[in-house]
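Student: when you get a sec, could you give me coordinates for this:
(2 chains)
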Protein chains: 2
Amino acid sequence: MAARMAAIAPFQVMEVQRRAFELEAQGRCIIHMEIGQPDFSAPPQVVEAAVAAIRNRSLEYTGALGLPALREAIAAYYGERFGVDVSPSRIMVTAGGSGALLTLMGALLDEGDEVLLPDPSYPCTRHFVPMFGGTARMLPVDAATRYQPSCEQIVAAWGPKTRGLVLASPSNPTGTMVNAAELGRIAAAVAERRGFLIVDEIYQGLVYGQPASTALAATQDCLVINSFSKYFGMTGWRLGWFVAPEACVREMERFAQNAFICASVPAQYAALAAFRPDTLAILEARREEFERRRDFIVPALRALGFIVPVMPEGAFYVYADCSRFTADSRTFALQLLEEAGVAATPGIDFGRHAAARHIRFAYTRGMEELQEGMERLAKFLSRF
Amino acid sequence: MAARMAAIAPFQVMEVQRRAFELEAQGRCIIHMEIGQPDFSAPPQVVEAAVAAIRNRSLEYTGALGLPALREAIAAYYGERFGVDVSPSRIMVTAGGSGALLTLMGALLDEGDEVLLPDPSYPCTRHFVPMFGGTARMLPVDAATRYQPSCEQIVAAWGPKTRGLVLASPSNPTGTMVNAAELGRIAAAVAERRGFLIVDEIYQGLVYGQPASTALAATQDCLVINSFSKYFGMTGWRLGWFVAPEACVREMERFAQNAFICASVPAQYAALAAFRPDTLAILEARREEFERRRDFIVPALRALGFIVPVMPEGAFYVYADCSRFTADSRTFALQLLEEAGVAATPGIDFGRHAAARHIRFAYTRGMEELQEGMERLAKFLSRF
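Tutor: Residues are numbered from 1 along each chain as shown, chains lettered A, B, ... in the order given. This is a model prediction of the structure:
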């Protein structure tokens, strides 16, 4: 095995999920709060677009950049929803957000390059860096900065080997957003250092109490990643995209031609229906449902003794400080699963900073299940 | 951009295809002999399995190894069709053959490692090597060894930095198979050197005049790659698999969890219908059609003055020596496209060895189109 494999930690959420499925196979009832995927599946318009394409089209390879019509639909969405002008020629359709991250890291990173990332952040992001010979340098973030690195922190951490920075807005696992003004400052600081700025907007659209937004409104000096898995409910289809500066699309395309050929074509045709007004109306109703869940679960967790210092603004996660109950959230999560039948993800998945005293709860199940989960949690915690 | 991008050559077939589409958009009629995908799309059983899954299932992420039922179906196929015992636990379902190659190279290669490959061979294979810091060392192969490297050639080329070898059977672009006895010797020599042997069987099943076979019948000391894109007609769906020794599946899974999460789930459910006897009957009829095309096009190309010293045994390509007409097959292919409306892929896509005097013709279009293509070729060549 390659030496890089040592830098790719096991994906705890998958391990938790695997064990949860084993317990279910044994007849146990598990409340799934570990899973980073919506319980809503593809909207009916998307389903029917897929069926029509599968029945009527030969579904050959598309170009590596994706179906021209889909790239145009994505560009139009930036214009109509966010008031941002993005040319379709800057958009590459990818095999999920994963395919976007893989392409960007593969095309940008050289052996020995350093990439700055918030700690905590989405596990795969820091694992893509060593895949291509780089080193992930984690920036510890706290409630004081709403779990987002400040421009000063980034500038202070930027070293001679630093090539770029990856932010996420809304963030997984904390649900917080990057402030637009701060983002503008960060983009300018990164550009001054001739680095790259990637903004992961995979949870774009799943935002509560404020309109959805894009980093592209604050700066065009960045690469933006997105996905059809979360807001659009197309999790298993494996479809996403990124927006890159015009000048590097050709190179990215060459990388993706070799790495993927193209993203799944039935999924690409299905996604053409994702931006229809009647589809977006369904997605907005779902967003409101996620907001109701957030408004239930955050106070409930706080009442149980978890510390949630910042109200999550987006995504569907609560990153809860569980230090009142444990100094080892991995063991805590496993006990919670085995004893109470509640699956949640230990903080260690997302980095090192205060990881052992945090646990992530996803609110990707209906209100009744969440209520049952909170009751089980209350019983489980009574012995602490 | 990363330095590795310099080692990733432009994908000529995609460039030819792009130009062919441009000409078609201008109203020209193009005979497509450049395309490495069957003109047959997914069989109706596969289409209906996909439709049922899309309509009735929530299509969440699967585990990174793929749907258990699909891994079992693939394992059963090895048993029933090839008489080889492969445990489902050794099978990983991937995002096409590309996803399989990416996962294997990513999990196996360290910076500076060398990988041996036949020249000519599938372009992406040699490009996956520098993606992960390795160097592709090309082994020139000729008609004398049916375009496959001999065990002696491999042993002679194996150096201190060599980590492994990738073969393909049937080969793209030459259509030739690896002889089973030779493969056994090669596997033993590679194992003695503690290297890896990857056998690309993406064109498995598309074999003429002999039964389809697998390297796993000759040796279990190898990693085998396969795809639903070719024999199974699911090109755009992006689904494939690989078979690995039990001991390294866990590490490969960890890599794929991070790189892909999982392969497209609608495609995975669709593929469950690919191994049904009634589906296989359709695929066999298609194979016979490809055989008829081969039996037409190889003599036709020879009659036109192309040299095809070895009858291709599989896949759907003819790797033709065009040295009677040109010493620069790239320019020749572009002229052929612009002037005669016949798209074909220059040899340079597949390596360096004698690349400028070879051109690849795919027989992935019906007999009438192939006949028209041969007529256009005859006219085009009359001026040489």
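Student: from here on, contacts and neighbour counts on C-alpha atoms
Tutor: Fine.
Student: what segments of the stretch 51-200 of chain A are strands?
Tutor: Under the criterion DSSP state E, counting those that start in this stretch, the stretch 51-200 of chain A contains strands at A:91-94, A:114-119, A:135-140, A:162-168, A:196-200.
Student: who's in contact with the first one?
Tutor: When you say that, I think you mean strand A:91-94. When contacts are defined by C-alpha atoms under 8 Å, 6 or more residues apart in numbering or on different chains, strand A:91-94 is touched by residues A:64-67, A:71, A:74-75, A:100, A:239-244, A:249, A:253, A:262-263.
Student: mind listing what that strand pairs with, with the direction of each?
Tutor: Within its sheet, strand A:91-94 is paired with strand A:240-243 (antiparallel), according to DSSP bridges.
Student: can I get the strands of the stretch 51-200 of chain A in JSON lines with mean pLDDT and distance to B:Leu23?
Tutor: Compiled in JSON lines, the strands of the stretch 51-200 of chain A are given as follows (pLDDT from 0 to 100; distance: least, C-alpha to C-alpha, whole Å):
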{"stretch": "strand A:91-94", "mean pLDDT": "98", "distance to B:Leu23": "23"}
{"stretch": "strand A:114-119", "mean pLDDT": "98", "distance to B:Leu23": "43"}
{"stretch": "strand A:135-140", "mean pLDDT": "97", "distance to B:Leu23": "45"}
{"stretch": "strand A:162-168", "mean pLDDT": "98", "distance to B:Leu23": "40"}
{"stretch": "strand A:196-200", "mean pLDDT": "98", "distance to B:Leu23": "37"}
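Student: tell me which of these sits nearest to B:Phe196.
Tutor: Among those, the nearest to B:Phe196 by C-alpha to C-alpha is strand A:135-140 (26.9 Å).
Student: gap between that closest one and the chain center?
Tutor: 18 Å (C-alpha atoms, centre = their mean, to the nearest Å).
Student: that one - contacts with which helices or strands?
Tutor: For strand A:135-140, the helices and strands in contact under the criterion 3 or more C-alpha pairs under 8 Å, 6 or more residues apart in numbering or on different chains; DSSP states H and E are strand A:114-119, helix A:123-131, helix A:151-157.
Student: redo that, cut-off 7 Å
Tutor: Helices and strands touching strand A:135-140, as assessed by 3 or more C-alpha pairs under 7 Å, 6 or more residues apart in numbering or on different chains; DSSP states H and E, comprise strand A:114-119, helix A:123-131.
Student: any idea how far A:Ala143 is from the nearest residue to A:Arg352 once chain neighbours are set aside?
Tutor: Nearest in space to A:Arg352, with sequence neighbours left out and distances taken as C-alpha to C-alpha, 6 or more residues apart in numbering or on different chains, is A:Asp119 at 6.9 Å. Taking C-alpha to C-alpha, to the nearest Å as the criterion, A:Asp119 is separated from A:Ala143 by 12 Å.
Student: over to A:Asp321?
Tutor: 11 Å.
Student: so which of the two has more stuff around it?
Tutor: A:Asp321 (24 against 13; other C-alpha atoms under 10 Å in any protein chain shown).
Student: the more buried one pairs with what?
Tutor: A:Ile307, A:His358.
Student: touching, A:Met1 and B:Leu108? I think so.
Tutor: Yes - look at A:Met1 against B:Leu108 with C-alpha atoms under 7 Å: they come within range, at 4.6 Å.
Student: tell me which of these two has more neighbours.
Tutor: Of the pair A:Met1 and B:Leu108, B:Leu108 is the one with more neighbours under other C-alpha under 10 Å, namely 21 against 15.
Student: is A:Thr62 in contact with A:Cys262, as I believe?
Tutor: Yes - in this structure A:Thr62 lies within contact range of A:Cys262 using C-alpha under 7 Å: 6.1 Å.
Student: higher neighbour count, those two?
Tutor: Legend: neighbour count by other C-alpha under 10 Å for A:Thr62 and A:Cys262, higher for A:Cys262 (30 against 17).
Student: in a strand, that's where that one is, yeah?
Tutor: No - assessed with DSSP: H, G, I helix; E, B strand; the rest coil, A:Cys262 is coil; it does not lie in a strand.
Student: where does the stretch 51-200 of chain A come near chain B, residue by residue?
Tutor: Taking C-alpha under 7 Å from any C-alpha of the partner chain as the test, the list of the stretch 51-200 of chain A residues beside chain B reads A:51, A:54-55, A:58-61, A:98-99, A:102, A:106-110, A:124, A:127, A:131-132.
Student: out of the helices and strands packed on strand A:135-140, nearest to A:Ala267?
Tutor: Nearest to A:Ala267 among the helices and strands packed on strand A:135-140 is helix A:123-131; the distance by C-alpha to C-alpha comes to 22.4 Å.
Student: contacts for that closest one?
Tutor: Surrounding helix A:123-131, the residues in contact under the criterion C-alpha atoms under 7 Å, 6 or more residues apart in numbering or on different chains are A:Arg4, A:Ala7, A:Ile8, A:Leu102, A:Met105, A:Thr135, A:Ala136, A:Asp349, A:Phe350, B:Gly106, B:Asn258.
Student: could you report the pLDDT at the third one?
Tutor: If you check A:Ile8, the pLDDT there is 86.
Student: show me what contacts it?
Tutor: A:Ile8 sits next to A:His127 when contact means C-alpha under 7 Å, 6+ apart.
Student: how many other residues sit next to A:Glu339?
Tutor: 11.
Student: can you tell me how far it sits from chain B?
Tutor: According to C-alpha to the nearest C-alpha, to the nearest Å, A:Glu339 stands 24 Å off from chain B.
Student: swap in A:Gly195?
Tutor: Shown here: A:Gly195 relative to chain B, a distance of 11 Å by C-alpha to the nearest C-alpha.
Student: ok, and does the least confident helix or strand in chain A by mean pLDDT reach over to chain B?
Tutor: For chain A, scoring each helix and strand by mean pLDDT, DSSP states H and E identifies helix A:12-25 as the least confident one, at a mean of 89. No - under the criterion of C-alpha under 7 Å from any C-alpha, helix A:12-25 makes no contact with chain B; the nearest approach is 7.7 Å.
Student: give the next helix or strand downstream of that helix.
Tutor: Tracing the chain past helix A:12-25, the next element assigned as helix or strand by DSSP states H and E is strand A:31-32.
Student: near chain B at all, that following strand?
Tutor: No - applying C-alpha under 7 Å from any C-alpha, one finds strand A:31-32 separated from chain B by no less than 13.2 Å.
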